[in-house]
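A.B. asks: No sequence on hand, only this structure:
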């Protein structure tokens, strides 16, 4: 479905004709208080108390509009504090739009002019519905959808904030659409086609390496993982500002369009949902497209490592040895640890261009979900870049948690027949960290000198928060969340500012 049409207005909120007027409510000692408009607070606060609204975070109450307000109804959403931060506003706006099942036109009154961007981002993300041709909408997604949002603000820069927020929210929609698409419809070849469609008319260069080009280029990890499927793998390279003299950020995304586990077959229940294993590639794609739409003064190269991991007579076997781009060899001891194999190729290829930094994003390990749950992403890598990613996460309300890369784990990946093994079968400790240690081996150096420092690198394991298996909350629906997309956009903006 298309994004809602969002515009700003300086018209008084009381005079706007809409199906619903969305107001933000604080929880105070004297009862709920409407923020952002004194006249609205005077009109609405008594009624909110009468229907037991409290102003608690993400609480929603819908009631008929009283006399003096042109809108048909009021949707009051709680933000908790009377001085809410941007993420509280973002989540509240998302909760409000999820609650509005039958309101094609709404008006949105942010708590302050400083909250326009957060309110719009949250509202548009909360308005998301999956709507693919030929596929039935999920239960609860039926009915009229929000088509128009008018945002009340007197700030002179409101339109600029609104435009930026829309691009960020649209990027999240892109990720959710790609991830939610069933794997029979989205596989390496069709994913590459979608890249072309999404990047059309934007200042982006696209290169697609098919199986012949991958073989010629020595991409043994991507080829090896994909060789068990009848649908061959692809490497898609997306370039923004290729020739600009600007900081160069490389993004590497895991794109396993379906993960059966290969010959190390997953149990049946664990295989359900494995269409989500391409979220990293979708995230890096959407963030790069957003950077192009924003015209950021940064150079970005995104490497989308696409393969389908299937068991067959042609699939890789445990004990097979793959040669990664650049010549390093990997003994495959677990074909279900396939993401790190395709990512190894991507990291090597990204390193060859000597970018200023590399960030990879992957639904890499079930161990990340065990360690951090379903809302935090694991963050590993070089201290300075990890700090930059944390700052971007704080700015966007994303949840990341820094984790170590212990050198004592490296011997667990020793093997007699290759440079490194992809897993340590039977080892249940520090699985997320062990995967990070593996990936680190494929990050290149800043020059050809043997003692040159490694290119700054950060690894985001989003296996937990990429898919919300519980009930919706804030601006996050059940299913694909779009996590880390806005984080990468903010990181790219920070690079451009430098």
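C.D. replies: Structure received. In this text, all values refer to a predicted model and were calculated from it rather than measured experimentally.
A.B. asks: separation between the closest residue to residue 469 other than its chain neighbours and residue 223?
C.D. replies: Nearest non-adjacent residue to residue 469, counting by CB to CB, 6 or more residues apart in numbering: residue 374, 6.6 Å away. No exception for glycine: its C-beta is placed from N, CA and C like everyone else's. Residue 374 is 32 Å from residue 223, where distance means CB to CB, to the nearest Å.
A.B. asks: And residue 437, by the same measure?
C.D. replies: Note on residue 437: its distance to residue 223, by CB to CB, is 24 Å.
A.B. asks: Tell me who's in contact with the residue nearest to residue 469.
C.D. replies: Residue 374 makes contacts with 464, 465, 467, 468, 469, 470, as judged by CB atoms under 8 Å, 6 or more residues apart in numbering.
A.B. asks: mind giving me CSV with those residues and columns for distance to residue 449, neighbour count and secondary structure?
C.D. replies: Shown next, in CSV, are these (distance: CB to CB, whole Å; neighbours: other CB atoms under 10 Å; DSSP: H, G, I helix; E, B strand; the rest coil):
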residue, distance to residue 449, neighbour count, secondary structure
464, 39, 27, coil
465, 39, 27, coil
467, 42, 23, strand
468, 46, 18, strand
469, 47, 10, coil
470, 50, 10, coil
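A.B. asks: Where does the record place the domain boundaries for the protein?
C.D. replies: Dividing the chain into domains by automatic domain parsing, as the record does, gives the ranges 5-153, 173-497.
A.B. asks: Which of the contacts of residue 374 lies at the shortest distance from residue 259?
C.D. replies: residue 467 (12.7 Å; CB to CB).
A.B. asks: give me the beta-bridge partners of that closest one?
C.D. replies: residue 480 (DSSP bridges).
A.B. asks: Tell me if I'm right that it and residue 483 touch.
C.D. replies: No - contact criterion CB atoms under 8 Å: residue 467 and residue 483 do not qualify, at 9.0 Å.
A.B. asks: need the helices for this structure, in chain order.
C.D. replies: Taking DSSP state H to define them, one finds helices in the chain at 38-50, 86-99, 116-126, 158-180, 188-199, 211-217, 220-226, 268-271, 279-294, 339-352, 366-372, 383-396, 431-440, 485-497.
A.B. asks: Out of these, which is closest to residue 146?
C.D. replies: Residue 146 lies closest, by CB to CB, to one member of the helices of the chain: helix 86-99, at 6.1 Å.
A.B. asks: Need the contact partners of the closest one.
C.D. replies: By CB under 8 Å, 6+ apart, the list of residues contacting helix 86-99 reads 22, 24, 57-58, 60, 62, 75, 77-81, 84, 106, 108, 110-111, 115, 117-127, 146, 397, 472-477.
A.B. asks: Could you list the buried residues of that helix?
C.D. replies: Residues 86-99 are the ones in helix 86-99 that count as buried (16 or more other CB atoms under 10 Å).
A.B. asks: Check stretch 444-458 too.
C.D. replies: Here stretch 444-458 shows 444, 455, 456, 457, 458 as buried, counting by 16+ other CB under 10 Å.
A.B. asks: Quick one: residues contacting residue 25.
C.D. replies: 32, 33, 34, 35, 48, 53, 55, 59, 76, 77, 78, 79.
A.B. asks: where's the fourth one relative to residue 113, distance?
C.D. replies: I take that to be residue 35. From residue 35 to residue 113 the distance is 12 Å (CB to CB).
A.B. asks: More neighbours: those two, which one.
C.D. replies: Shown here are residue 35 and residue 113; by other CB atoms under 10 Å, residue 35 has more neighbours (23 against 15).
A.B. asks: Chain neighbours aside, what residue packs nearest to that one?
C.D. replies: Per CB to CB, 6+ apart, closest to residue 35 is residue 111, 3.9 Å.
A.B. asks: do residue 431 as well
C.D. replies: Using CB to CB, 6+ apart, the nearest residue to residue 431 is residue 367, at 3.0 Å.
A.B. asks: Next, count neighbours for the one you found.
C.D. replies: For residue 367, using other CB under 10 Å, the count is 20.
A.B. asks: list the buried ones in the worst-scoring helix or strand of the chain on mean pLDDT?
C.D. replies: Ranked by mean pLDDT, DSSP states H and E, the weakest helix or strand in the chain is helix 38-50, scoring a mean of 87. Using 16+ other CB under 10 Å as the test for burial, helix 38-50 gives 40, 41, 43, 44, 45, 47, 48.
A.B. asks: Test my guess that the first one contacts residue 12.
C.D. replies: Okay, so that is residue 40. No - using CB under 8 Å, residue 40 makes no contact with residue 12, being 9.1 Å away.
A.B. asks: give me every residue that touches residue 16.
C.D. replies: 9, 70, 71, 107, 150, 152 are the contacts of residue 16 under CB under 8 Å, 6+ apart.
A.B. asks: I'd like these as a markdown table, with pLDDT and neighbour count appended.
C.D. replies: Shown next, in a markdown table, are these (pLDDT from 0 to 100; neighbours: other CB atoms under 10 Å):
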| residue | pLDDT | neighbour count |
| --- | --- | --- |
| 9 | 96 | 16 |
| 70 | 96 | 15 |
| 71 | 97 | 22 |
| 107 | 97 | 26 |
| 150 | 97 | 21 |
| 152 | 96 | 26 |
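A.B. asks: Residue 85 is in contact with the residue nearest to residue 35, correct?
C.D. replies: No - in terms of CB under 8 Å, residue 111 does not count as a neighbour of residue 85; the distance is 10.3 Å.
A.B. asks: neighbour count winner among those two?
C.D. replies: residue 111 (25 against 13).
A.B. asks: Provide a list of residues in contact with the more buried one.
C.D. replies: Taking CB under 8 Å, 6+ apart as the test, what residue 111 contacts is 24, 35, 36, 79, 84, 89, 119.
A.B. asks: Which parts of the stretch 1-150 of the chain are strands?
C.D. replies: 5-9, 20-28, 31-34, 60-64, 73-80, 105-109, 148-152 (DSSP state E, counting those that start in this stretch).
A.B. asks: on that earlier part again, pull out the buried members of the contacts of helix 86-99.
C.D. replies: Buried among these by 16+ other CB under 10 Å: 22, 24, 57-58, 60, 62, 75, 77-80, 84, 106, 108, 110-111, 115, 117-127, 146, 397, 472-477.
A.B. asks: neighbours around the closest residue in space to residue 48 that isn't next to it in sequence, how many?
C.D. replies: The shortest distance from residue 48 to any non-neighbouring residue, by CB to CB, 6+ apart, is to residue 32 (4.5 Å). Neighbourhood size, residue 32 [other CB under 10 Å]: 25.
A.B. asks: Repeat that for residue 441.
C.D. replies: Neighbour count for residue 441, taken as other CB under 10 Å: 17.
A.B. asks: give the contact list for residue 482.
C.D. replies: 125, 171, 172, 173, 175, 176, 283, 286.
A.B. asks: Can you give me the distance of it to residue 204?
C.D. replies: 20 Å.
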